[in-house]
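> have a look at this prediction, sequence included:
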Amino acid sequence: MNDSSTGGAFDDPTELATFVTTDIAGITRGRSFAAADIEDYLRKGVGWVPANLALTPFDLIADPNPWGSAGDLRLMADAASRARVTCLPDVTPLHFYHCDITDLKGEPWDCCVRSFLKATLAEFERDAGLKVVGAVEQEFQILGADWPAAPAFGLRAQRRAEPFGPLLMTALKQAGVEPEMFLPEYGKDQFEITCRPAAALAAADRGATIRAVTREVAALFGWNASFAPKTDPDGVGNGVHLHVSFTDLDGAPATFDASRPGRLSRVAGAFAAGVIRHLPALVAFTAPSVLSYMRLVPHHWSAAYTCLGEKNREATLRICPTPDLPGSDPARQFNMEYRAADACASPHLALAVVLRAGLEGIRAGLEQPPLINSDPSALSADDQARLGIRRLPSSLGQALDTLAADTVVTGWLSKDFLDCYFAMKRKEIEIVEGLSPAELCERYATVY
């Protein structure tokens, strides 16, 4: 690890707490203050600037944007979202809170993605009588470790990284994300972190927390933990899998029905239909970088088509298997997994738009889509059309055009938000235009 010990005046440095927001570029930004003053800041928040939302991943503000130099906002922390990590040697505690962005009166800003998710969850309770449970799985790669080769998924791949895995799990536990597994993955120096299910807002917060903590731990070893969709054009991609299930307002499971296709309850089937209907537009938010579309291709166990599958890793929306063991309760374990997402997206925005699409399906009483349990690209064009299978956009520009044409999806969001989002993403496209695939991977890997 890096020796960051200090002496003299820095033997007892001031612990900082940070109020953070994970923005539409999927980057966690914020402002820090002495942690001893937390009660005062929980009351009053910290200042923020509207045009910060127009920051591209490469720290250039899209111009024009709806605000320019005008306007003032507040980051108001959710005390329940506190993450504090004290186990990291030679550094002060990592201490932060996820925030809602409000106006100066404390009212939700219409471009705050966390507030958008909260409003979506409230509509689920009001209109569908459902509470949403979520979990986020995230893949990442360690860059700069110079390890010897090791078999994919192998014990050696985990142990050669010692003590990174145990330290990361300890840090994530302290941060309150309830980590479940740390596992070596298929790609070179690739790992995956999973965490336990939680109420959907907490699940989205955990998605951002896991990224921040993982990068912090990796940096202690002199490495970069990259969640970029690709770090090598010929390598395996890093995905984010959003897991969703439902309970009724009393907490009883509402996703499972053993008598129906795929064991999806009627309401869960309608939810799936809404997601499938709007999927081509959703990826503009859930796979929102130029690089994302190097990952969303057929035969890569990612997602490339609008289809619902059971135990099928080529399906964009996958019904996850449950163990059939003595004492197991499939109704409480049962969930769907949205696979067309990556860490260039805000976890709050990504989860919110998937849920909004599903809620449209519930409100309309849509019939559950057919189950596709094979590679959809192997089906004929006629079969794809008959089953309602469409190819997802193959570039960010195409995804933005598809989003603009879907008036249902754009209708969920304010004009200022959409103007900012389109401007920021088009600026991002402009910045990386002309880069080779290898240069594109390198550019994004340094940010994500």
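Done, it's in. Numbering: from 1, shown residues only.

> start to end distance for stretch 380-391?
Stretch 380-391 has an end-to-end distance of 13 Å (criterion: Cα to Cα, to the nearest Å).

> what sits against the residue nearest to D189 when sequence neighbours are not counted?
Distances taken as Cβ to Cβ, 6 or more residues apart in numbering place I142 nearest to D189, at 4.6 Å, with adjacent residues excluded. Every C-beta, even on glycine, is put in place using the N, C-alpha and C of the backbone. Neighbour list for I142: 161, 164, 189-191, 218, 223-226 [criterion: Cβ atoms under 8 Å, 6 or more residues apart in numbering].

> quickly find the element holding I142.
Using DSSP states H and E, I142 falls within strand 130-143.

> got the CA positions of that strand in CSV?
Extracted C-alpha coordinates of strand 130-143, given in CSV (Å, rounded to 0.1, in the frame of the first residue of the first chain):
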residue,chain,number,x,y,z
LEU,A,130,-46.4,-2.1,-4.4
LYS,A,131,-43.1,-1.4,-2.7
VAL,A,132,-39.9,-2.0,-4.7
VAL,A,133,-37.0,-4.0,-3.5
GLY,A,134,-33.7,-3.7,-5.4
ALA,A,135,-30.1,-4.8,-5.5
VAL,A,136,-27.2,-3.8,-7.6
GLU,A,137,-24.5,-6.1,-8.9
GLN,A,138,-21.4,-4.4,-10.3
GLU,A,139,-18.4,-5.7,-12.3
PHE,A,140,-15.0,-3.9,-12.3
GLN,A,141,-11.4,-4.4,-13.3
ILE,A,142,-8.2,-3.6,-11.5
LEU,A,143,-5.8,-1.7,-13.6
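
> dump the helix or strand following it to PDB, keeping only the CA atoms.
As assigned by DSSP H and E, the chain's next helix or strand after strand 130-143 is helix 155-159. Once non-C-alpha atoms are left out, helix 155-159 reads as follows in PDB (Å, rounded to 0.1, in the frame of the first residue of the first chain):
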ATOM      1  CA  LEU A 155      -9.500 -19.200  -6.300                       C
ATOM      2  CA  ARG A 156      -6.000 -18.200  -7.400                       C
ATOM      3  CA  ALA A 157      -7.400 -15.000  -9.100                       C
ATOM      4  CA  GLN A 158      -8.900 -14.000  -5.700                       C
ATOM      5  CA  ARG A 159      -5.900 -14.900  -3.600                       C
END
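
> same question for helix 155-159: list its buried residues.
Across helix 155-159, burial judged by 16 or more other Cβ atoms under 10 Å covers 157-158.

> show me how far the helix or strand that that helix is followed by is from its chain's centre.
For helix 155-159, the following helix or strand on the C-terminal side (DSSP H and E) is helix 164-174. Helix 164-174 has its C-alpha centroid displaced from the chain centroid by 20 Å (Cα atoms, centre = their mean, to the nearest Å).

> which stretches of the stretch 251-400 of the chain form helices?
266-286, 292-295, 330-333, 347-364, 381-386, 396-405 (DSSP state H, counting those that start in this stretch).

> quick one: low-confidence ranges for this structure?
1-11, 300-301 (pLDDT under 70).

> can you do 90?
1-13, 69, 146, 297-304, 311-314, 321-330, 373-385, 387-389 (pLDDT under 90).

> report all helices and strands that the helix or strand hosting T194 contacts.
If you go by DSSP H and E, T194 is part of strand 190-195. If contacts are counted by 3 or more Cβ pairs under 8 Å, 6 or more residues apart in numbering; DSSP states H and E, strand 190-195 sits against strand 130-143, helix 164-174, strand 179-184, helix 200-220.

> on that earlier part again, tell me the most packed of the contacts of I142, by neighbour count.
S226 (26 neighbours; other Cβ atoms under 10 Å).

> surely that residue and C441 touch.
No: using Cβ atoms under 8 Å, S226 is not in contact with C441, being 9.4 Å away.

> skipping its backbone neighbours, what lies nearest G397 in space?
I429 is the one closest to G397 (Cβ to Cβ, 6+ apart), at 6.0 Å.

> name the SS class of the one you found, please.
helix (DSSP: H, G, I helix; E, B strand; the rest coil).

> that one contacts Q398, correct?
No: counting by Cβ under 8 Å, Q398 is not a contact partner of I429; they are 10.9 Å apart.

> got the contact list for Q174?
83-87 are the contacts of Q174 under Cβ under 8 Å, 6+ apart.

> please enumerate the helices of the stretch 1-150 of the chain.
38-44, 113-123.

> return the most buried member of the ones you listed.
Ranked by mean neighbour count under mean count of other Cβ atoms under 10 Å, the helices of the stretch 1-150 of the chain are led by helix 113-123, which reaches a mean of 21.

> ok, residues contacting that one?
Counting by Cβ under 8 Å, 6+ apart, 21-24, 98-102, 108-109, 131-132, 200-201, 204, 346, 348-349, 351-352, 355-356, 359, 412-413 sit against helix 113-123.

> turn the buried ones among those into a named PyMOL selection, would you?
Selection of buried members from the contacts of helix 113-123 for PyMOL, criterion 16+ other Cβ under 10 Å:
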select buried, resi 21+22+23+24+98+99+100+101+102+108+109+131+132+200+201+204+346+348+349+351+352+355+356+359+412+413
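
> out of the contacts of I142, the closest to K311 would be?
Q190 (22.4 Å; Cβ to Cβ).

> residues contacting the closest one?
By Cβ under 8 Å, 6+ apart, the neighbours of Q190 are 139-142, 184, 236, 238.

> ditto for V290
Contacts of V290 by Cβ under 8 Å, 6+ apart are 395-396, 428-429, 432, 440, 444.

> given the strand holding T194, what are its sheet partners and their directions?
strand 130-143 (antiparallel), strand 179-184 (antiparallel) (DSSP bridges).

> the inter-axis angle of the first one versus helix 347-364?
Which is strand 130-143. Orientation note: strand 130-143 sits at an angle of 140 degrees relative to helix 347-364 (axes from the mean of the first three to the mean of the last three Cα atoms, to 10 degrees).

> same thing with the shortest one?
Strand 179-184 and helix 347-364 meet at an angle of 110 degrees, taking the same axes, to 10 degrees as the criterion.

> residues making contact with strand 179-184?
Around strand 179-184, the neighbours that count as contacts under Cβ under 8 Å, 6+ apart are 150, 152-154, 157-158, 165, 168-169, 172-173, 190-196, 210.
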